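Colleague: take this sequence and fold it.
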Amino acid sequence: MGDSKSRAGRGRLVPLNDRATAILTFWAESFPEREAKHAVFPSERVGAAGDAFDPCVRKTDPETPVGSLKEAWESAKRRTKVQVRWHDLRHTCCTRLLEQGVSLPIVGRILGWAPSTTVRMAQRYGHIGQDAQRDAIALLDQAPAASPVPQPTSEGTSIEAVH
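Modeller: Residues are numbered from 1 along each chain as shown. Model (predicted):
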């Protein structure tokens with residue numbers, strides 16, 4: 001796990017889906033001499049060379065991670081013309097997991113929340129839309145019919161109510 005730590009001061013494993021794993025595998029293949037101990041995003045110098053001012057990468061240090069993910073993210077946004085903050089991705093992840101029915105404890109573990117704050121954080125990060133709420137209520141139509149509930153009569157005996 002290396003020296004990486006969360007805000008709480010502890011390292012943690014972050015599960016990845018198949019798509020993220022494929023993308024990171026593709027990225028890692030850009031470094032043919034890559035070893036397990038190397039950083040996923042290594043420190044490097046980027047510049048321009050020649051009269052054509054061609055972009056070039058030099059001084060890649062595979063054992064040292066990039067100094068600032070914020071700078072890397074800002075650079076990627078500029079190149080791709082994406083208008084989203086890094087932190088917005090946490091909101092999207094939380095919302096999609098909750099809308100797919102993933103339980104709060106599991107969402108909390110994935111996003112690194114303490115059990116005592118999971119509900120509060122889910123309320124802050126999960127932006128559950130009207131469609132997801134309608135789909136949730138529609139699940140009640142799929143529930144098995146309720147069993148009859150005994151109802152008291154005026155004589156003190158009970159009869160079964162039909163629902």
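Colleague: can you list contacts of the longest strand seen in the chain?
Modeller: Longest strand in the chain, counting residues (DSSP state E): strand 54-65. With CB atoms under 8 Å, 6 or more residues apart in numbering as the test, strand 54-65 has contacts from 31, 33-35, 37-49. Every C-beta, even on glycine, is put in place using the N, C-alpha and C of the backbone.
Colleague: for it, which strands pair with it and how are they oriented?
Modeller: The strands beside strand 54-65 in its sheet (DSSP bridges) come out as strand 42-49 (antiparallel).
Colleague: okay, the partner strand in PDB with CA atoms only?
Modeller: Output of strand 42-49 as PDB, limited to C-alpha atoms (Å, rounded to 0.1, in the frame of the first residue of the first chain):
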ATOM      1  CA  PRO A  42       5.400   9.100 -11.700                       C
ATOM      2  CA  SER A  43       7.100  12.500 -11.300                       C
ATOM      3  CA  GLU A  44       8.300  13.900 -14.500                       C
ATOM      4  CA  ARG A  45       9.400  17.100 -16.200                       C
ATOM      5  CA  VAL A  46       7.300  18.300 -19.200                       C
ATOM      6  CA  GLY A  47       8.400  20.900 -21.700                       C
ATOM      7  CA  ALA A  48       8.700  21.800 -25.300                       C
ATOM      8  CA  ALA A  49      11.600  21.300 -27.600                       C
END
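Colleague: grab the nearest non-local neighbour of the residue nearest the centre of the chain.
Modeller: Taking CA atoms, centre = their mean, the centroid of the chain lies closest to residue 93, which sits 3.8 Å from it. Distances taken as CB to CB, 6 or more residues apart in numbering place residue 111 nearest to residue 93, at 6.9 Å, with adjacent residues excluded.
Colleague: any idea how far that neighbour lies from residue 121?
Modeller: Distance from residue 111 to residue 121, counting by CB to CB, to the nearest Å: 7 Å.
Colleague: what do these two both touch?
Modeller: Common contact partners of residue 111 and residue 121 (CB under 8 Å, 6+ apart): residue 94.
Colleague: got the buried residues for the helix or strand hosting residue 76?
Modeller: Secondary-structure element containing residue 76, defined by DSSP states H and E: helix 69-80. Neighbour counts over helix 69-80 (16 or more other CB atoms under 10 Å) mark residue 73 as buried.
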